[in-house]
Each structure stands twice: as C-alpha cells, then as structure tokens.
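[1] please find the sequence and the predicted model below.
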Amino acid sequence: MTEGVAESVAEGMAEGTAEDAENTVRVVIAEDSVLLREGLTRLLTDRGHEVVAGVGDGDALVKTVADLAAAGSPPDVVVADVRMPPTHTDEGVRAAIALRAAHADLGVLVLSQYVEEQYATELLAGSSSGVGYLLKDRVAEVREFVDAVVRVAGGGTALDPEVVAQLLGRSRKQDVLAALTPREREVLGLMAEGRTNSAIAQQLVVSHGAVEKHVSNIFMKLGLSQSDADHRRVLAVLTYLRS
C-alpha cells in the first residue's frame, strides 16, 4: 500500500475513534505492510472490534485461521490484501478463496490497490454470502470500511462502487442487462455495493416503497424465486457479475 493511503488511514483513525460498534466481530488481518496492518488494527479496535491476529502473507493467513478454528475460537472475518509475499501477485486472493472453501461461515473482505476484474470474479464465485472486495482508498472512509467489515462478517456483501461499475460494464451477456430499466440497473449497482433499501432510497432521493418495487422487479426479471430476501439480493448481484 502506498504511503499516501496509509496516511489517509491514520487521518481516518483520528476522525473515527471512540465509537461503539453495533456488533463486535473477531477479525484476522493479512497485510504485508506493517504500517497498514497496525493502522487497520487500531481503526477496528477503536470501533470496538477484536483483531485476534495479524499476518504478513497468504500461507500464514490460512494457517492462522485453521489454528483459531481448531482451538474453538474462529474469527468472524478476515481482511486480506490481494497481493502479498512472496511474489506479490495473487497470494492474498488465493488464500481468501481457499478460506471460503474451508470455512463456510467465515467472511472474507479483500483489499486491492486497483480493480482487478479476474480476482474479483474468482472471489465472488461459489458461495454467495460473506464476501467483500474494496479498493484500498475506501479504507480512509472509516465508517464505510468498518460497516463493510461488519456486514461481511454477518454474511452480507461489500463491493466497491468502482468494482461494481467495471464488472457490470464489461458484462458479456447483455441480453440479461437489457431486461432491466436504467433505474433498475442503478438500483442493482447500489445493491451490489451492499447498500440496504433505505440507503438506496436516500442515495437516489426516492421513497422506500419505490426502491422495494424496483428490487422486486429485479428479482422477477432475473427469475429469482421467493426465498430469504438477503440471499436473493446477493444472487441478483452475482447473476450479473457472472454473466
């Protein structure tokens, strides 16, 4: 991570300390930059969460989570950099994918310097809950970052707006996209970021009922049957990201 982003994290900590978290979560952080790792630890602990371990590479991340699970105290979520030692290519996202396969209830939030479509798509494949992909600049927005960690730990999604824009914009299956109106596509994009109906209504300056109608239309046009609402929201997003 660049020094500039690390400085932004420090500024964010100064702005966001001493607030009680709504739901305390147990976190493992995987980041080879000691400065950033300590910054993320401070940011989360100041918000009332528990950082149970911090590691510097993908292998250590997988081992640490396995050891904690074996000891009967697994983390709720891991926050991992996409690129870590030894090659600084895809070690972090590979570890995240392995953890999602081995620990069904573990949330995985990946941080990346840039939007890397292949990694985002691979991470989103398989299970449709408890996953996040954020750009590192988003960490400086303390409340949004911490909310994303909590949401992913609880089985929700947290996708960076830039990630959503690129993945949806490059979808090869345009016939699926064509079924939605421009407003419905806009709502879906906000859903993909992990926003609630209330947050979407506030963003679009429309009523809560209008958002519910758009969401219902999205489910219908995607052929998603009646089931758990949160699960269908994730499936709606994944339908596009996989198309």
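    Okay, I see it. Everything numeric in this text was worked out from a predicted model, so none of it was measured.
[2] and for residue 87, the neighbour number?
    Close neighbours of residue 87, defined as other CB atoms under 10 Å, add up to 8. Just so you know, the C-beta spots here come from the backbone N, C-alpha and C atoms, and that holds for glycine as well.
[3] brain fart, residue 41
    When neighbours are defined as other CB under 10 Å, residue 41 has 18 of them.
[4] test my guess that it contacts residue 51.
    Yes: Residue 41 lies in contact with residue 51 (CB atoms under 8 Å); the separation is 4.6 Å.
[5] who touches both of these two?
    Any residue near both residue 41 and residue 51 by CB atoms under 8 Å, 6 or more residues apart in numbering counts here, and that gives residue 29.
[6] so where do the strands sit in the protein?
    In the chain, strands defined by DSSP state E lie at 26-30, 50-55, 77-81, 107-112, 131-135, 157-159, listed in chain order.
[7] the third one: how far from the chain's middle?
    Using CA atoms, centre = their mean, to the nearest Å, we find the averaged C-alpha position of strand 77-81 to lie 9 Å away from the chain's own average C-alpha position.
[8] the first one now?
    When C-alpha coordinates are averaged (CA atoms, centre = their mean), strand 26-30 and its chain have centres 14 Å apart.
[9] what does the shortest one give?
    The gap between the average C-alpha position of strand 157-159 and the chain average comes to 4 Å, counting by CA atoms, centre = their mean.
[10] partner strands of it and their direction?
    With DSSP bridges as the criterion, the sheet partners recorded for strand 157-159 are strand 131-135 (parallel).
[11] can you state the direction angle for the partner strand and strand 77-81?
    30 degrees (axes from the mean of the first three to the mean of the last three CA atoms, to 10 degrees).
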